[in-house]
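1. Attaching a predicted model along with its sequence, questions to come.
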Amino acid sequence: MQARLPDILRGDLLSNNPNNVGFASHERGRTLVGMTTEWERARCRERVRALAASSLSSVELRLEAIGILKRTIGFDRWCWPLADPAAALHLTGIGELDNWQALPRMILLEQTGDPFNAMPVLAQSRRVGSMLSAATGGDLARSARWDEGMRPFGIGDELRVALVDDVGMWGFIDAMRDRGEPPFEPEDVELLEQLAPVLATALRRRAIQYPGAPEGPGPAGAGVLILNEDLEIRSWTPAARDWLDALVPPGEPGAEAIVYGVAGRLLALRRGVAAHPGDRVRARTVTGHWAVIESAQLVGADAGSIAVSIRPAAPADLMDLICAAYELSARERQLVALLMAGLDTTTLTNMLFISRHTVQDHLKSIFAKVDVRSRRELVAKLTTGTLAGTSGS
């Protein structure tokens with residue numbers, strides 16, 4: 001098992017599949033780049049919004065939506081990771097790319113020094129979309145991330161959009177054209193920005209969905225990986241390998257990208273250049289178990305190195321994520337936390353300095369958002385349903 005990690009990290013397993021770069025690959029053929037009409041863009045918006053309102057799974061939704069966007073905007077290479085809204089850091093995703101081996105370096109540059117199209121910046125900006133050609137004033141080489149991680153692979157312009165709604169960022173789309181093709185147009189950015197909150201809300205509502213209880217036991221205990229300041233993974237525990245395997249479908253790489261992200265964010269925080277304060281993420285395995293991935297700086301003989309741990313998530317680790325996914329207000333979240341602690345109505349009224357009637361009003365709102373009918377159902381859904389697969393379930 002240990003021998004597999006270096007192969008994945010070097011991209012050796014991907015040498016015969018130029019479309020797989022650590023995300024699940026779904027080849028659909030080339031998409032021609034050309035001008036589109038306003039009617040075509042309106043049709044694209046209509047179709048993507050219909051997909052967002054459908055019952056498709058997160059992966060199905062993204063695959064269908066990206067197909068529509070490719071035909072409307074025109075691009076071949078792309079990736080679409082999910083994200084933890086508390087950190088604006090990517091999780092695993094899907095995509096068609098061929099520069100997997102450059103991913104650690106690209107993440108390091110994005111987190112610590114290259115502001116052009118940096119996702120942590122876009123996630124907190126008024127404009128959530130940007131094309132690299134415009135951000136760099138037409139000189140793509142001003143972006144070290146492009147110069148080192150995209151130029152060598154024949155990639156030209158890049159269009160990125162953070163999928164942000166009123167609650168946070170739940171993913172992002174990264175679309176790329178080949179060198180020699182025309183750059184993206186401002187209308188392309190506008191289209192994706194118009195769809196960003198719709199897609200963000202769709203991903204948010206799917207973030208906590210899982211068909212039934214987790215399948216079997218999750219990886220046992222915590223795993224640890226040690227990285228140097230170049231984000232090279234130097235060593236790991238067997239449990240870490242188990243967690244990385246559990247976070248992606250069998251035979252597919254990609255979970256290492258999460259490790260690079262949290263390690264890169266720690267380096268940025270340590271150097272005082274982080275665009276976002278979050279340094280840990282919550283991710284779900286393919287069998288429904290939740291994990292927490294977080295980083296810490298080592299001292300002593302290995303000073304400067306980074307330890308990234310992957311451990312089973314407890315309900316407390318996920319409560320803010322669950323409350324955000326259900327759009328609970330600050331007061332509703334406070335009430336839910338007290339209910340989870342087993343407090344009755346009288347105690348709630350005394351602690352929150354509100355009337356029994358106000359408590360009942362808040363509960364009705366919470367029940368409607370979470371789609372339950374009683375306190376018992378609410379607690380059950382948050383501990384054995386929504387939070388199934390945590391160490392506290």
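-> On my side now, so go ahead. Numbers count the residues shown, from 1 in each chain.
2. how many neighbours does the spatially closest residue to Asp279 that is not a sequence neighbour have?
-> Nearest residue to Asp279, sequence neighbours excluded (CB to CB, 6 or more residues apart in numbering): Arg265, at 4.8 Å. The way it works is simple: take the backbone N, C-alpha and C, and place the C-beta from them, glycine included. Arg265 has 27 neighbouring residues, counting by other CB atoms under 10 Å.
3. What pLDDT is listed against Leu14?
-> The per-residue pLDDT reported for Leu14 equals 31.
4. again, but for Asn17
-> For Asn17, the predicted pLDDT is 35.
5. With Glu215 instead?
-> 74.
6. Now do the buried residues in stretch 257-277.
-> 257-269, 274-276 (16 or more other CB atoms under 10 Å).
7. Please apply the same query to stretch 192-199.
-> Those would be 192-196, 198-199, for stretch 192-199 by 16+ other CB under 10 Å.
8. which phi and psi does Leu122 have?
-> Per-residue torsions, Leu122: phi -60, psi -40 (degrees, to the nearest 10).
9. can you pull the contacts of it?
-> For Leu122, the contacting residues are 128-130, 160-162, 172, by CB atoms under 8 Å, 6 or more residues apart in numbering.
10. circling back: next, the contact list for the residue nearest to Asp279, please.
-> Shown in contact with Arg265 (CB under 8 Å, 6+ apart): 87, 89, 111, 274, 276, 278-279, 295.
11. repeat that for 7 Å
-> 87, 89, 111, 274, 278-279 (CB atoms under 7 Å, 6 or more residues apart in numbering).
12. quick one: least confident of the residues you listed?
-> When the contacts of Arg265 are compared on pLDDT, Asp279 comes out lowest, with 90.
13. just checking, it touches Val262?
-> Yes. Look at Asp279 against Val262 with CB atoms under 7 Å: they come within range, at 6.1 Å.
14. Now the common contact residues for the two.
-> 294-295.
15. on that earlier part again, tell me the secondary structure at the residue nearest to Asp279.
-> Following DSSP: H, G, I helix; E, B strand; the rest coil, the label given to Arg265 is helix.
16. Look up how far Trp78 lies from it.
-> According to CB to CB, to the nearest Å, Arg265 stands 23 Å off from Trp78.
17. check which helix or strand covers the closest residue to Arg204 other than its chain neighbours.
-> Nearest residue to Arg204, sequence neighbours excluded (CB to CB, 6+ apart): Trp170, at 4.9 Å. Using DSSP states H and E, Trp170 maps to strand 169-178.
18. Can you tell me the strand partners of that strand and which way each runs?
-> Strand 169-178 has its sheet partners listed here by DSSP bridges as strand 77-84 (antiparallel), strand 155-164 (antiparallel).
19. So what does Arg282 look like in phi/psi?
-> Dihedral angles for Arg282 - degrees, to the nearest 10 - are phi -110, psi 130.
20. Spatially central residue in this protein, please.
-> Residue closest to the mean C-alpha point of the chain, counted by CA atoms, centre = their mean, is Ala83 at 1.7 Å.
21. shouldn't that residue be in contact with Val167?
-> No. The pair Ala83 / Val167 is not scored as a contact, 11.9 Å apart, by CB under 7 Å.
22. Serialize the strands paired with strand 169-178 to TSV and add fields for distance to Ala325 and mean pLDDT.
-> As requested, those are exported to TSV (distance: least, CB to CB, whole Å; pLDDT from 0 to 100):
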stretch	distance to Ala325	mean pLDDT
strand 77-84	11	96
strand 155-164	14	98
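23. where exactly do the strands run in this structure?
-> All strands of the chain, identified by DSSP state E, fall at 77-84, 89-96, 129-131, 155-164, 169-178, 223-227, 233-236, 280-284, 290-297, 306-312.
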